[in-house]
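**Student:** kindly return the folded structure for what I paste below:
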Amino acid sequence: MPDYQITIDGETVQGLFQGDTGLAKLLEQVLNQVLEAQVSEQLGAERYERTEERQGYRNGVRPRQLTTRVGRLTLRVPQVREGQFSPELFARYQRSEQALVLALMEMVVNGVSTRKVTAITEELCGTSFSKSTVSALCARLDPLVAAWNERPLGEQAFPFVLADALMVKVREQERVRSLAALIAIGINAAGYREILGIQLGDSESEGSWGTFFAWLKRRGLSGVDLVVSDAHTGLVASVQRHFQGCSWQRCQTHLAGDVLEAAPKSLRQEVHEHLRALFEAPDLPTARVLLRSLLDSYASRAQSAMAILEAGFDDATAVLVLPEPYRRRLRTSNGMERLNEEVRRRERVIRIFPNRESTIRLLGAVLMEQHEQWATGHRYFDMAAYWQWRGHWTDAAHLPAREGDTRQTA
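**Tutor:** Okay, the predicted model is just below:
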């Protein structure tokens, strides 16, 4: 990449010390000068320069909006009279943004877009797209997503796994179908979160989840000690089949919602307070005492609700056997729900994907971006207490450590 000489005016420099907009102004000036340098390089001549090496002539500029982490920038993209100026700057979209634009383009090409989606496409891209353009973008993006989604997982154990599914609409054989995007998060031996992968299933059946978990295990997933999820029948049955010997933690938020839904409206607030105390119990014996008190108090007034609570109690309190520092974040699937919200924010723009490939492309690219942020961010858990507890537990039970366990501290 060539070197560029950048000049910054005094007003912009002063703005850096006066507010958050200063950095955006600085970046805008730098990028506009980079664009000018790139068009000079492509044409082989500076503005107004007379030279035999000139490859063309400028034809003004076109404003273009670019959203960055420091704000929205207005860039002056140079135009040329003959040919096309393709700055490197816009080829370096974040992968998730490329995937979003690509999915929209495919809709236009395949004739399945709505007026709203067409308007978004033109706003983002400024033009219509041919099938060859779509194919070229796919060729660059698809291998990146596929390589990440198929990466080996066997370098270390994943003691904690969270799993959930998103329902998405995909056009297949001239009709719209609802498919399940199965996603799993793992917390590795060092305490960092990783997105283990995404796969499309025809439903949330035991078969679909079984295929998903078998795929993760073939890639090396091991050392799973606790799986956190909602109580979907197919998911739970598949966990029991593919992760024999591990515990299943039923999301306490989902169980509480089911209990309160079955309780009379007049009792929901007080039942909710009792549930909160139960789920925050310091240990399992205390939780059982609180459960018995709750059942005795509401057995006649909220019979259905208490039956749901009693049936789900053991699975919803599985986390209480773990050391205290790990319980709050693992007692619900809220971490998974927050990830789903971020994915859904991007998926909602598409509404109906033109095919399965575009679904994996967009959702996979968004998940890749989140995965990289987690990998370079703060550690989710300090695993020292867990590995110390786990060593004591396996010794006391006279059981060998599970394959993949490493007695390391974070």
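
**Student:** going by C-alpha atoms from here, please, whenever you check contacts or count neighbours.
**Tutor:** Noted.

**Student:** mind checking how far the helix or strand harbouring residue 27 is from the chain centre?
**Tutor:** Taking DSSP states H and E as the criterion, residue 27 maps to helix 21-43. Taking C-alpha atoms, centre = their mean, to the nearest Å, one finds helix 21-43 lying 32 Å from the centre of the chain it belongs to.

**Student:** what's the model's confidence in it, averaged?
**Tutor:** For helix 21-43, mean pLDDT rounds to 76.

**Student:** quick check: which element contains the residue nearest in space to the middle of the chain?
**Tutor:** Nearest to the mean C-alpha position of the chain, counting by C-alpha atoms, centre = their mean, stands residue 367 at 3.8 Å. In the assignment (DSSP H and E), residue 367 maps to helix 356-376.

**Student:** hmm, back to that, who are the packing partners of the helix holding residue 27?
**Tutor:** Contact here means 3 or more C-alpha pairs under 8 Å, 6 or more residues apart in numbering; DSSP states H and E; on that basis helix 21-43 packs against helix 10-15, strand 71-80.

**Student:** just checking, next helix/strand downstream of it?
**Tutor:** Toward the C-terminus, helix 21-43 is succeeded by strand 58-68 as the next helix or strand (DSSP H and E).

**Student:** report the secondary structure state of the closest residue in space to the residue nearest to the centre of the chain that isn't next to it in sequence.
**Tutor:** Sequence neighbours aside, residue 195 is the residue nearest to residue 367 in space, at 7.0 Å (criterion: C-alpha to C-alpha, 6 or more residues apart in numbering). What DSSP: H, G, I helix; E, B strand; the rest coil gives for residue 195 is strand.

**Student:** touching, residue 195 and residue 371? I think so.
**Tutor:** Yes: the pair residue 195 and residue 371 qualifies as a contact (C-alpha atoms under 8 Å) at a distance of 5.7 Å.

**Student:** neighbour count winner among those two?
**Tutor:** Taking neighbours as other C-alpha atoms under 10 Å, residue 195 and residue 371 compare with residue 195 leading, 22 against 19.

**Student:** from residue 226, how far off is that one?
**Tutor:** Distance check for residue 195 against residue 226: by C-alpha to C-alpha, to the nearest Å, it reads 16 Å.

**Student:** tell me where the stretch 101-250 of the chain is predicted with low confidence.
**Tutor:** Under the criterion pLDDT under 70, the flagged ranges of the stretch 101-250 of the chain are 101-102, 104-137.

**Student:** just the strands in it please.
**Tutor:** Remark: strands assigned in the stretch 101-250 of the chain by DSSP state E, counting those that start in this stretch are 160-172, 175-187, 193-201, 226-229, 247-250.

**Student:** can you check the stretch 251-400 of the chain too?
**Tutor:** Going by DSSP E, counting those that start in this stretch, the stretch 251-400 of the chain shows strands at 352-353.

**Student:** the stretch 301-410 of the chain: helices as residue ranges?
**Tutor:** Taking DSSP state H, counting those that start in this stretch to define them, one finds helices in the stretch 301-410 of the chain at 303-316, 327-330, 334-350, 356-376, 384-396.
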